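Undergrad: Need coordinates for the following:
(one chain, ligands or ions: 2)
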Amino acid sequence: DLKSEFLMDTIVTVTVVSDSEKKADDAIKRTFEEIKDLEGLFNFFSPESEISEINRKAAVAPVKLSVDTFHLLEKALDVSAKTDGAFDITVGVVVNLYDFHNKTRPSDSLTKEKLPLVNYRNVILNKKDQTVFLKKKGMVVDPGGIAKGFAADRAIEILKSEGIGAALVAVAGDIRGYGLKPDGKPWKVGIRDPRGESIDDIIATIDLRDMAISTSGDYERFFIENGRRIHHLIDPGTGYPARGIMSVTVVAPLTVYTDSLATALFVSGTEKGLKIAERLGYDTLMIDEQGKIHMTDSLREKIEFTKGNI
Ligand code: AMP
Ligand code: MG
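TA: Ligands and ions are numbered 1, 2, ... in the order given. Modelled structure (predicted):
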């Protein structure tokens, strides 16, 4: 049984294996409801969301959080620390100066003016009170690089609790699966050719055995200006789109980590990014701007390339 809905600003697809259609339908329904609840908390653009409240109260007062939002921010700061700040949930203040629909980007002076507001260290979590405080006026938190992964993990928890034996959840490029397909084989996920014509144009496949996988690429949201690709993965150190890579894929047990790490390792670049991946023990594939493949040793036996030229 397979269903898709448009949630969290993207397509969410839930596939479950079950002998009872009713059980499958009920489980999928609960899963979408739960993701809708999370979207209500995390939606950057809705004034009603908890994230918007946090941003409004920047430099004013700490905000008491729901358990989920607190966890999301905790994970985000954890990944920032593990990636030397390459993942930074406060980068939204710069990201939102880009309009990929109308193909406009901020001036250099505006980027420079806003950059001091980007620093995850100014997000102060208080575990005892379950609050967050943004230290600087004008700061924002933008969970766009981690919320989809958080939601996919939740979806899997719900499906398991509903007694579903095998499932695959995809929140855009953030995918997690468990159990086996009806044909007894593991879930197989394709890795896109970053310069391919469509999402069906893949360069490799990976078997997903009770694992999560995410890909961040410069083809997701971008425009071309004077031959240069202006995309949505921003280096918090410079305030500009990160250079040198076309896509990064990370495999790990939880989507909350694969989502945020794919973004972070994209920013880190091939050399530093692979070091971080090896240190964390996560399989990683990177395609640099020349189209050259870089990957962790542990990935080699799990990946199957489908294009002869690599
Ligand atoms: P993803 O497509 O999962 O890689 O997430 C991209 C989204 O994450 C962007 O649209 C931004 O909202 C946000 N983002 C971009 N750069 C960063 C960064 N360096 N750290 C954290 N979030 C980021
Ligand atoms: Mg991501």
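Undergrad: can you give me the strands for the stretch 51-200 of the chain?
TA: Per DSSP state E, counting those that start in this stretch, the stretch 51-200 of the chain carries strands over the ranges 63-64, 123-126, 131-134, 166-171, 174-178, 187-192.
Undergrad: which strands and helices sit next to the third one?
TA: The reference is to strand 131-134. Applying 3 or more C-beta pairs under 8 Å, 6 or more residues apart in numbering; DSSP states H and E, we find strand 131-134 packed against helix 50-56, strand 63-64, helix 67-82, strand 123-126. The C-beta positions use only the backbone N, C-alpha and C, and glycine is treated the same way.
Undergrad: Helices of the stretch 1-150 of the chain, start to end?
TA: Applying DSSP state H, counting those that start in this stretch to the stretch 1-150 of the chain gives helices spanning 21-42, 50-56, 67-82, 92-95, 108-114, 147-161.
Undergrad: Would you mind naming what in this structure lies close to ligand 1?
TA: The chain has residues 87-89, 91-92, 95, 142, 144-145, 216, 220, 232-234, 236, 259, 262-263, 267 near ligand 1, with proximity defined as C-beta under 6 Å from any ligand atom.
Undergrad: Contacting ligand 2 as well, which ones from the residues you listed?
TA: 216, 259, 262, 263 (C-beta under 5 Å from the ion).
Undergrad: check which helix or strand covers the third one.
TA: This points to residue 262. According to DSSP states H and E, residue 262 maps onto helix 255-268.
Undergrad: That helix vs helix 67-82, what angle?
TA: Taking axes from the mean of the first three to the mean of the last three C-alpha atoms, to 10 degrees, one finds helix 255-268 and helix 67-82 inclined to each other by 40 degrees.
Undergrad: Bridge partners for the residue in the stretch 101-250 of the chain positioned nearest to ligand 2, pull those for me.
TA: Nearest residue of the stretch 101-250 of the chain to ligand 2: residue 216, at 4.6 Å (C-beta to the ion). Beta bridges link residue 216 to residue 248 when assigned by DSSP bridges.
Undergrad: In contact with the spatially closest residue to residue 32 that is not a sequence neighbour, which residues?
TA: Leaving aside its chain neighbours, residue 32 sits nearest to residue 5 (5.4 Å; criterion: C-beta to C-beta, 6 or more residues apart in numbering). Going by C-beta atoms under 8 Å, 6 or more residues apart in numbering, residue 5 touches 11, 12, 32.
Undergrad: which one is the residue nearest the centre of the chain nearest to, not counting chain neighbours?
TA: For the chain, the residue nearest the mean C-alpha position is residue 259 (3.0 Å; C-alpha atoms, centre = their mean). Ranked by C-beta to C-beta, 6+ apart and with sequence neighbours excluded, the top spatial neighbour of residue 259 is residue 149, at 2.7 Å.
Undergrad: Pipe the ones next to ligand 2 among the residues of the chain next to ligand 1 into CSV and attach distance to residue 158 per row.
TA: Converted to CSV, these look like this (distance: C-beta to C-beta, whole Å):
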residue, distance to residue 158
216, 25
259, 18
262, 23
263, 25
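Undergrad: Nearest to residue 170 among the residues you listed?
TA: Within these, proximity to residue 170 (C-beta to C-beta) peaks at residue 259, which comes in at 11.8 Å.
Undergrad: Enumerate every residue touching the closest one.
TA: 145, 146, 148, 149, 150, 152, 174, 214.
Undergrad: 6 Å instead, please
TA: Counting by C-beta atoms under 6 Å, 6 or more residues apart in numbering, residue 259 makes contact with 146, 148, 149, 174, 214.
Undergrad: Count the neighbours of the closest residue to residue 18 other than its chain neighbours for me.
TA: With sequence-adjacent residues excluded and distances taken as C-beta to C-beta, 6+ apart, residue 18 is closest to residue 24, at 4.1 Å. For residue 24, the neighbour count with other C-beta atoms under 10 Å is 22.
Undergrad: Extract the C-alpha set from stretch 11-30 and format it as PDB.
TA: Extracted in PDB, the C-alpha atoms of stretch 11-30 (Å, rounded to 0.1, in the frame of the first residue of the first chain):
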ATOM      1  CA  ILE A  11       5.900  15.300  -1.300                       C
ATOM      2  CA  VAL A  12       5.700  12.700   1.500                       C
ATOM      3  CA  THR A  13       5.300   9.100   0.400                       C
ATOM      4  CA  VAL A  14       4.500   6.300   2.800                       C
ATOM      5  CA  THR A  15       4.700   2.700   1.600                       C
ATOM      6  CA  VAL A  16       3.700  -0.100   3.900                       C
ATOM      7  CA  VAL A  17       3.700  -3.900   3.600                       C
ATOM      8  CA  SER A  18       0.800  -5.400   5.400                       C
ATOM      9  CA  ASP A  19      -1.600  -8.300   4.900                       C
ATOM     10  CA  SER A  20      -4.500  -6.200   6.000                       C
ATOM     11  CA  GLU A  21      -5.500  -3.300   3.900                       C
ATOM     12  CA  LYS A  22      -7.500  -1.700   6.800                       C
ATOM     13  CA  LYS A  23      -4.500  -1.900   9.100                       C
ATOM     14  CA  ALA A  24      -2.300  -0.400   6.400                       C
ATOM     15  CA  ASP A  25      -4.700   2.500   5.700                       C
ATOM     16  CA  ASP A  26      -5.200   3.300   9.400                       C
ATOM     17  CA  ALA A  27      -1.400   3.300  10.000                       C
ATOM     18  CA  ILE A  28      -0.800   5.600   7.000                       C
ATOM     19  CA  LYS A  29      -3.600   7.900   8.100                       C
ATOM     20  CA  ARG A  30      -2.100   8.300  11.600                       C
END
